[in-house]
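Q: could you look at this predicted model? Sequence included:
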Amino acid sequence: MKIAFFDLEPWEINYFQKYFKKDVNFGTKSLTKNNTKNFKETEIISIFVKSKITKEILNQLPNLKFISTMSTGFDHIDLQECKKRNIQVSNVPQYGQNTIAEYTFSLLLALNRNLLEASRRTRKGNFDYQGLIGTDLKNKTIGIIGTGNIGQHVIKYAKAFDMKILAYDLYPNKKLEKELNFKYVNLNELYGNSDFISLHLPFTKSSYHFLDKKAFSQMKEGVKIINTSRGEIISAKDLIQALDTKKVSGCALDVLELENDMKRCSKNSFFGTNETKFLMEVKNSGLKNLTQKEAKILIQNHKLLGRENIILTPHLAFYTKEALERILQTTKDNILAFQKNKLQNLVN
């Protein structure tokens, strides 16, 4: 079977070359409508979230039988179209529960103790700590939205800091609640009592803009938000308003809505807060297919970049050597299992 790998780093290519030697193409770039013509005979593809598998892409891959995504999330793949075409899709269901939870707490600590500003001042020779006061985590309340594998690890780490823990999940795990000694509550109670809120939801239609104007209005004054899940879960426009009114005193975001387009905007250097000018420049760029709604989202994201009470990082919570090795191993196993007609980790 012909296989094509995308979104790889050089060392990852070296890993896969040990197991796949014939009829295989290794690439560092994403799969896009501009390069699909090179893979019309391909039957198996391995991708990361940067490769968006749309109906248009699938139309150009008539021989495709299997997609192995090197991620837990699969919202970048049109599963409905795959099902119509009998294309199987697998993911990596577990690889970085502790990894992402650790990063979540690194963001929380940095945000709570103003570490970025403290470091910036000190590097400039300013040793004044006025204005950098933080708070103890001990006895503060953290609200965990989503108690899957990652959320459970965040709960364990919060307990180590002697924090009070509230949690919300569509499907509460009462056994887990008893084992880890936390409390499931409804969203109103979580919003109203949490000093910190950490998001650990998958991106679905129901979780789109989960934190919106209404949600922010219900939150405790001065709450801090941490998001290491998906950018689409937060409305950037409503977050900015909540920051302006001091309802949210700070946030740490490892993800943004339309983050891949953000990267392309950055490369084209035409970010601006003037919507009319932005939309005109989009028409003359590689982003000309953006809708007006998408362009507005990018404008709001750009406004977030200039805020001092925000930490932004480029979707790297998963990015440790150990987690990547687990991703590669599971991806390799998924592909080998498919070749042997022994499917595993299917999501459709």
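A: Structure received.

Q: and the lengthiest helix in the chain, average pLDDT?
A: Ranked by residue count under DSSP state H, the longest helix found in the chain is helix 321-339. Mean pLDDT, computed over helix 321-339, is 96.

Q: against which helices or strands is that helix packed?
A: On a contact count with 3 or more CB pairs under 8 Å, 6 or more residues apart in numbering; DSSP states H and E, helix 321-339 meets helix 10-17, strand 44-47, strand 66-69, strand 88-90. For the C-beta atoms, the positions are set from N, CA and C on the backbone; glycine is no exception.

Q: hmm, try it at 10 Å
A: strand 3-5, helix 10-17, strand 44-47, strand 66-69, strand 88-90, helix 97-112 (3 or more CB pairs under 10 Å, 6 or more residues apart in numbering; DSSP states H and E).

Q: using PDB, write down the CA coordinates of the longest one.
A: Extracted as PDB, the C-alpha positions of helix 97-112 are listed here (Å, rounded to 0.1, in the frame of the first residue of the first chain):
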ATOM      1  CA  GLN A  97      -2.400  13.300  29.700                       C
ATOM      2  CA  ASN A  98       0.300  14.300  32.100                       C
ATOM      3  CA  THR A  99       2.200  16.300  29.500                       C
ATOM      4  CA  ILE A 100      -0.700  18.700  28.800                       C
ATOM      5  CA  ALA A 101      -1.700  18.800  32.500                       C
ATOM      6  CA  GLU A 102       1.900  19.800  33.400                       C
ATOM      7  CA  TYR A 103       1.800  22.500  30.800                       C
ATOM      8  CA  THR A 104      -1.500  23.700  32.100                       C
ATOM      9  CA  PHE A 105      -0.100  24.300  35.500                       C
ATOM     10  CA  SER A 106       3.000  25.900  34.100                       C
ATOM     11  CA  LEU A 107       0.700  28.500  32.400                       C
ATOM     12  CA  LEU A 108      -1.400  28.800  35.600                       C
ATOM     13  CA  LEU A 109       1.600  29.500  37.700                       C
ATOM     14  CA  ALA A 110       3.200  31.900  35.300                       C
ATOM     15  CA  LEU A 111      -0.100  33.800  35.000                       C
ATOM     16  CA  ASN A 112      -0.700  33.900  38.700                       C
END
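
Q: so it versus helix 321-339, what angle?
A: 140 degrees (axes from the mean of the first three to the mean of the last three CA atoms, to 10 degrees).

Q: flag every buried residue along helix 97-112.
A: Going by neighbour count (16 or more other CB atoms under 10 Å), the buried part of helix 97-112 is 97-108, 110-112.

Q: any idea how far residue 74 is from residue 89?
A: 6 Å (CB to CB, to the nearest Å).

Q: overlap in contacts of those two?
A: Between them, residue 89 and residue 74 share these contacting residues under CB atoms under 10 Å, 6 or more residues apart in numbering: 53, 67, 82, 347, 348.

Q: was I right about the second one contacting residue 347?
A: Yes - with contact defined as CB atoms under 10 Å, residue 67 reaches residue 347; the gap is 9.5 Å.
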